[in-house]
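Asks: coordinates for the following, if possible.
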Amino acid sequence: MIQGVPGDLSKIKAGYRAAQQTRFSTTRTSLGGTGDAHIAGGLDYGRVREVCRDMVRNDMLIGQMLERATDNIAKDAAPIPATGDPLIDAEITKAWADWAKDSAICDVAAMNNFSDMLWAVTHHLLMDGDVFAMPVIEGDIAKIQLVEGDWVTSPTGGVRGDGIIHGVEINDLGKPLRYWLSPPSLAQYETQGIRTSGYGKHTPKQAFDEEGNPLVFHVRPKPKRISMHRGMPALTPVVELAGQVDDLNFAKILQQQLSACIGIFIERTMAEPGDTFLGERTSEQYGTSTQILEKLSPGAVVKGGEGEKLHMIGGSAATTEFMAHLRMLLRMIGANIGMPLCLALLDASETNFHGYRGEITEAREGFKKLQQRIRDHFCAPTYRFFVRWLAFKRGWNLLDADLIRHRWSFVGWSYIKPLEDAQADAYQIENMLSSPRDILAERGLSWEDTVRETVEDQGSAIRQAIAMAQAISQETGETITWRDVLNRKTPQGTTFNTTKSTSEVIQQEGQQ
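Replies: Sure thing, here's the model as predicted:
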């Protein structure tokens, strides 16, 4: 103890208050350990996934929110080969387009084309926490098999002491070595139950081949914990909150029903003789008379007896606090899947245009991050697998590293305010605040493709205009130029000398 310091002050420490248990902090258990340690319980991990699936199936709002988020993320995408050989690039592009659009060719189950698989991978990633895809050579065709998360489980369930974390076997450095698969049999496709140890027999699948190419594409969210080898559903933190929304909605319905009811309090000047009857009855004795009790109906007139005074009791009016509280809960749920309230409810009446634009812009930042995650862990491995298969079929050099070089082009999001947004893009290019390549990339477009297609389209239009102008000139004897036929808007920044006559301009163009 420090001499000269009072005893109470000597206990003061410069630590973090967040580490102290107080009445303001939630009591937390099972703190510490790796990311995998928090999902060690096989039943708990499977239950979380199934609860979130049930929410998506049965909750009238959460399921739609998740689908809307998937629609914004899983945009149509196509690879752009960059082998350095235009002929090979064109051949790969055509082969991929034919393969990707045919579900009978690209999908083992022959149910989904590549665009459908991309949507399913995104949806499972949000709903289940992760999803798997495996490249398969079936006969002589390259195909992809999608695998749900409950197909990959440990033989004994949960996290084992031999480095198998819910079906993902890792080495000392955390690198996946094998994936333990336990797919359902035909008889088990209709059975229910949380799967902690798969559907039966387990088969190990190597994570990589001898050349380091992945044999299992494990798509999971961005790693919040590096030491976690399985993903958690996006709805995990709001499972209880979703139940509160249901309770709040039920309470509101009950309140509305009570508000629609009326009550009548009968004040009498005379004491009621005898005991009061309890329960339902159709009549009551009052003095020496019998009064018939009738149900109220629209237009009914309630007449009081002698010495009776009637007091009407109405239900309380609906308050505005319900919608404010409901919006708060929905905002919290939407925040976990990157969905602002205006997107979740398809209702922007709560904000102005600038607020709506800000929410959409921020949401798209999250969409792009998850889109890049799916691109790197599903789209790119699928493309490399396809090109290696195609190279083997065509007899190309499989050791050529440039053969699999490519990039992905996703369909971009539409302009929120088309004219102003397009003008802003043009302003950035004109003042060299950004390059045309970057501007088009933000819109999901390729600079090379856009320039090539623009030149081809304009060249085709000019050729047709020249041919038509010549035909008209020969037919009428009038001097017609292709600009008369193809009346195009003057490009920005272009000036014309109006001092020359039309004939002089035509003569000068002919000399050129």
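Asks: the residue nearest to the spatial centre of the chain in helix, strand or coil?
Replies: Centroid-nearest residue in the chain: Ala69, 2.6 Å away (criterion: CA atoms, centre = their mean). When classified by DSSP: H, G, I helix; E, B strand; the rest coil, Ala69 comes out as helix.
Asks: quick one, what contacts it?
Replies: Leu126, Ile337, Gly338, Met339, Leu343, Phe367 (CB atoms under 8 Å, 6 or more residues apart in numbering). C-betas here are computed from N, CA, C, even on glycine.
Asks: most widely separated two among the residues you listed?
Replies: Maximum pairwise distance in the contacts of Ala69, criterion CB to CB, is 14.1 Å, between Leu126 and Leu343.
Asks: okay, these two: which has more neighbours?
Replies: More crowded of Leu126 and Leu343, by other CB atoms under 10 Å: Leu126, with 25 against 19.
Asks: was I right to think that one contacts Asp71?
Replies: No - using CB atoms under 8 Å, Leu126 makes no contact with Asp71, being 11.5 Å away.
Asks: how about the strands in the stretch 251-400 of the chain?
Replies: Assigned by DSSP state E, counting those that start in this stretch, the strands in the stretch 251-400 of the chain fall at 262-268, 283-286, 289-292, 308-314.
Asks: could you tell me the least trusted of those?
Replies: Of all those, mean pLDDT reaches its minimum on strand 289-292 (a mean of 57).
Asks: quick one: low-confidence parts of the chain?
Replies: For the chain, the stretches flagged by pLDDT under 70 are 1-19, 24-31, 41-42, 157-161, 185-199, 262-264, 270-307, 313-320, 444, 490-512.
Asks: for Tyr415, pull up the helix or strand it's in.
Replies: Assigned by DSSP states H and E, Tyr415 belongs to no helix or strand.
Asks: wouldn't it be in contact with Asp421 here?
Replies: Yes - counting by CB under 8 Å, Tyr415 touches Asp421, with 4.0 Å between them.
Asks: what about Met117, distance to Ile253?
Replies: 41 Å (CB to CB, to the nearest Å).
Asks: who's more crowded, those two?
Replies: Met117 (24 against 10).
Asks: beyond the host helix or strand of that one, next helix or strand please.
Replies: Using DSSP H and E, Met117 sits within helix 114-128. Once the chain leaves helix 114-128, the next helix or strand it forms, by DSSP H and E, is strand 131-138.
Asks: tell me what that following strand is packed against?
Replies: Under the contact definition 3 or more CB pairs under 8 Å, 6 or more residues apart in numbering; DSSP states H and E, strand 131-138 sits against helix 114-128, strand 141-147, strand 217-219, helix 380-394.
Asks: let's see that with 6 Å instead.
Replies: helix 114-128, strand 141-147, strand 217-219 (3 or more CB pairs under 6 Å, 6 or more residues apart in numbering; DSSP states H and E).
Asks: if we can go back for a sec, and the contacts of the helix holding Met117?
Replies: With contacts defined as CB atoms under 6 Å, 6 or more residues apart in numbering, helix 114-128 is touched by 49, 52, 56, 66, 70, 73-74, 76, 100, 106, 131, 149, 219, 233-234, 374, 378.
Asks: mind running it again at 8 Å?
Replies: By CB under 8 Å, 6+ apart, helix 114-128 touches 49, 52-53, 56, 66-67, 69-71, 73-74, 76-77, 99-101, 103, 106-107, 112, 130-131, 133, 144, 146, 148-149, 219-221, 231, 233-235, 337, 370, 374, 378-379, 382.
Asks: do stretch 77-91 as well
Replies: Here stretch 77-91 makes contact (CB under 8 Å, 6+ apart) with 92-93, 96-97, 100, 118, 375, 379, 383, 387, 394, 396, 400, 402-403, 405-411, 446, 449.
Asks: may I have it exported as PDB, CA atoms only?
Replies: Provided in PDB are the C-alpha atoms of stretch 77-91 (Å, rounded to 0.1, in the frame of the first residue of the first chain):
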ATOM      1  CA  ALA A  77     -22.000 -11.200 -63.700                       C
ATOM      2  CA  ALA A  78     -19.700 -12.300 -66.500                       C
ATOM      3  CA  PRO A  79     -16.000 -12.900 -66.600                       C
ATOM      4  CA  ILE A  80     -13.800 -10.900 -68.900                       C
ATOM      5  CA  PRO A  81     -10.800 -13.000 -70.000                       C
ATOM      6  CA  ALA A  82      -7.400 -11.200 -70.100                       C
ATOM      7  CA  THR A  83      -5.100 -13.900 -71.500                       C
ATOM      8  CA  GLY A  84      -3.400 -11.400 -73.800                       C
ATOM      9  CA  ASP A  85      -4.500 -13.300 -76.900                       C
ATOM     10  CA  PRO A  86      -7.700 -11.800 -78.400                       C
ATOM     11  CA  LEU A  87      -8.600 -15.000 -80.200                       C
ATOM     12  CA  ILE A  88      -8.400 -17.100 -77.000                       C
ATOM     13  CA  ASP A  89     -10.300 -14.400 -75.100                       C
ATOM     14  CA  ALA A  90     -13.100 -14.500 -77.600                       C
ATOM     15  CA  GLU A  91     -13.200 -18.300 -77.500                       C
END
